[in-house]
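Enquirer: 3D model of this:
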Amino acid sequence: MRRGSGVPVTAVVLTLVPVAALVTAGPLSARGLPPAAAASGVSEALNAVVAVSPTSAWAVGTRANASRSLTLVMHWDGSRWRTQRSANAGRSDNRLWSVSSRWAVGSYDAHKVSRSLILRRSGSTWKQVKSPNPGGGYGTFLTGVSGNWAVGGFGTPSPGGAGRHSLILHWNGSRWKRVPGPNPGSLYTFVFAVSGRWAVGGYSSGRPHSLVLRLGHGRWRRVPSASPGRNGDTLRAVSAGWAVGVKSVAADALDRTLTLHRTASGWRAVASPNPGGVCSLGCDNELNGVSGGWAVGRYTDATFAASAMLLHFVNGRWRTVTLADAASVSLNGISGEWAVGAKGGAPLILRRAGGTWAPV
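Expert: Predicted coordinates for the structure are as follows:
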C-alpha cells in the first residue's frame, strides 16, 4: 500500500486493515464461526483480539454491507466464540480497531466526518461512552487501547491542507480526557497502538519516520527509534519489547516488513522476512500485530495475490511460518494464543497449540 502526506485522516485509519480483508471472495474454512453470509452481500473482518484468560478472550472488528458498516464484537467463553451486542454510533460507518478486557475503540461516520468511538463492556454488552473529538470537521479516530489509555489521531487545518496530529486519551475513572502528546511531524503525526507504557505510530515532515513514545511520570515522551526505510516507516503494533509495521525502501514505495526490538540502547531494527518477495510492482509486505514472539500481517506477490503472513522469532531471528489455506487471508491482530483477521467475507480466528496455528 502507498501512503503520502495528502492522505485524508479517514483514509489513514482504513490502511490498518487491507481492503481485501473486507471483500467477499469465498467461504471461510474455519469451524465454529458465524457464516460468511456472502449471499446477502455482508462482509465481516476482525481487526484485534485480547486474551484475558484461558476461558476469556475478546475480538473486535466490522460487519459491513454495501450501504453500512457496524461494530463487531466476539467473545471466547472457554468453549466457543459468540457474537456479542455492541453499540453503533454512526448511521453508515462504524469500525472497531482495538480492544482490551473492558474497552474497545474505533471510529464512526457523522455527516461524512470521522469521529472517535469508545465502547465499554458491561457484562456481555458493549455500550458507547463519550469521547473527545478534537478534530472537529477534519475528523478524529482511535486505533489503540490498553489499560486506561487510548490513542489515535485527528485532523487539523494547515497551510497545505488538512494536517494530522497525535491523539492520546486517558480514562480518569469518570471520563475520557485528552492529554498532551508529542507531534514531531510538521505534516502529520499519529499513534496507531499502545501497550502498557509504550505507544507507536509514525510522523512525517517530508519523509515518514517511525514513532515510539514512552509513558513516564504521567507524560508521554518520544524516544529514539530506528527508521531504516529510505522512503518511510510506520509502526502499527507494540508488545513486550517488540514493535512491528511497514517500511518503504525503494522508489516504488511498496511496503516491506519492519520489526524493532527494544534494547538497553534504544529501539533497533531487526531483519524480518518478506514472503511476498521484493519486486517493482505488486509486492507488499506488512505487519499488523505482535505478541509473545509472534507477528501477523499480510502480503501480496507480483501477481497481486494476497495471503496471510505469520512470523515467529526463534533462535535469534524472525522466520516465516507456513499456514494452510492462507490465500485471500489477512491477519490483523494477535494476543497470546489467538490471532484474528478475515478470509473472504468472514471473520477468521486462529488458535495456537504449541507451534501450530489452526482455525477454531
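Enquirer: what are the ranges of the strands in the stretch 201-350 of the chain?
Expert: Here the stretch 201-350 of the chain has its strands, by DSSP state E, counting those that start in this stretch, at 208-216, 219-223, 232-239, 242-248, 255-263, 266-270, 284-291, 294-300, 306-314, 317-320, 329-335, 338-343, 346-353.
Enquirer: and the ones you listed: which comes nearest Gly106?
Expert: Ranking these by proximity to Gly106 (C-beta to C-beta) places strand 329-335 first, at 12.8 Å. Bear in mind the C-beta positions are built from the backbone N, C-alpha and C, glycine included.
Enquirer: can you list the strands that the closest one pairs with?
Expert: strand 338-343 (antiparallel) (DSSP bridges).
Enquirer: still on that earlier bit, closest one to Ala51 among the strands of the stretch 201-350 of the chain?
Expert: Nearest of those (C-beta to C-beta): strand 329-335, 4.5 Å.
Enquirer: could you check how far the closest one is from the centre of its chain?
Expert: Between the centre of strand 329-335 and the centre of its chain there are 9 Å (C-alpha atoms, centre = their mean, to the nearest Å).
Enquirer: quick one, which of the strands of the stretch 201-350 of the chain gets closest to Ser101.
Expert: So among the strands of the stretch 201-350 of the chain, strand 329-335 is nearest, using C-beta to C-beta, at 10.7 Å.
Enquirer: ok so, going back, got the strands of the stretch 201-350 of the chain as TSV, with distance to Trp198 columns?
Expert: Below are these laid out as TSV (distance: least, C-beta to C-beta, whole Å):
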stretch	distance to Trp198
strand 208-216	6
strand 219-223	9
strand 232-239	5
strand 242-248	8
strand 255-263	8
strand 266-270	9
strand 284-291	12
strand 294-300	16
strand 306-314	18
strand 317-320	19
strand 329-335	15
strand 338-343	21
strand 346-353	23
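Enquirer: redo these as CSV? Include mean neighbour count, distance to Ala48 and mean pLDDT.
Expert: As requested, the strands of the stretch 201-350 of the chain are exported to CSV (neighbours: other C-beta atoms under 10 Å; distance: least, C-beta to C-beta, whole Å; pLDDT from 0 to 100):
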stretch, mean neighbour count, distance to Ala48, mean pLDDT
strand 208-216, 21, 19, 96
strand 219-223, 16, 21, 97
strand 232-239, 26, 9, 95
strand 242-248, 27, 14, 95
strand 255-263, 22, 19, 95
strand 266-270, 17, 22, 95
strand 284-291, 26, 8, 95
strand 294-300, 26, 11, 95
strand 306-314, 21, 16, 95
strand 317-320, 15, 21, 97
strand 329-335, 27, 4, 96
strand 338-343, 28, 7, 96
strand 346-353, 20, 12, 96
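Enquirer: of all these, which one comes closest to Gly181?
Expert: strand 219-223 (5.1 Å).
Enquirer: what does that closest one contact?
Expert: Contacts with strand 219-223, where a contact means C-beta atoms under 8 Å, 6 or more residues apart in numbering, come from 168, 179-182, 184, 199, 211-214, 266-267.
Enquirer: partner strands of it, with direction?
Expert: strand 208-216 (antiparallel).
Enquirer: would you mind getting the angle between the strand it pairs with and strand 266-270?
Expert: Here strand 208-216 points in a direction 140 degrees away from that of strand 266-270 (axes from the mean of the first three to the mean of the last three C-alpha atoms, to 10 degrees).
Enquirer: which residue ranges of the stretch 1-150 of the chain form strands?
Expert: Secondary structure of the stretch 1-150 of the chain, counting by DSSP E, counting those that start in this stretch: strands at 43-53, 56-64, 69-76, 81-86, 94-99, 103-110, 113-122, 125-129, 140-146, 149-158.
Enquirer: for Val246, which non-adjacent residue is closest in space?
Expert: Nearest residue to Val246, sequence neighbours excluded (C-beta to C-beta, 6 or more residues apart in numbering): Asp255, at 4.1 Å.
Enquirer: so in terms of bridging, what pairs with that neighbour?
Expert: Under the criterion used (DSSP bridges), Asp255 bridges to Ser248.
Enquirer: again with Thr156
Expert: Those that pair with Thr156 in a beta bridge, by DSSP bridges, are Gly163.
Enquirer: what's the spacing between it and Asn183?
Expert: As judged by C-beta to C-beta, to the nearest Å, Thr156 and Asn183 stand 10 Å apart.
Enquirer: what residues are shared contacts of the two?
Expert: His165.
Enquirer: tell me the confidence at Ser225?
Expert: Per-residue pLDDT puts Ser225 at 96.
Enquirer: surely it meets Thr263?
Expert: No. Under the criterion of C-beta atoms under 8 Å, Ser225 is not in contact with Thr263, lying 11.4 Å apart.
Enquirer: excluding sequence neighbours, find me the nearest residue to Phe313.
Expert: Phe313 sits nearest to Gly293 (C-beta to C-beta, 6+ apart), 4.4 Å away.
Enquirer: report the contact partners of the nearest residue to Arg175 once chain neighbours are set aside.
Expert: In this structure, Arg175 finds its nearest non-sequential neighbour in Lys130, 6.7 Å apart by C-beta to C-beta, 6+ apart. Residues near Lys130 by C-beta under 8 Å, 6+ apart: 118, 175-176.
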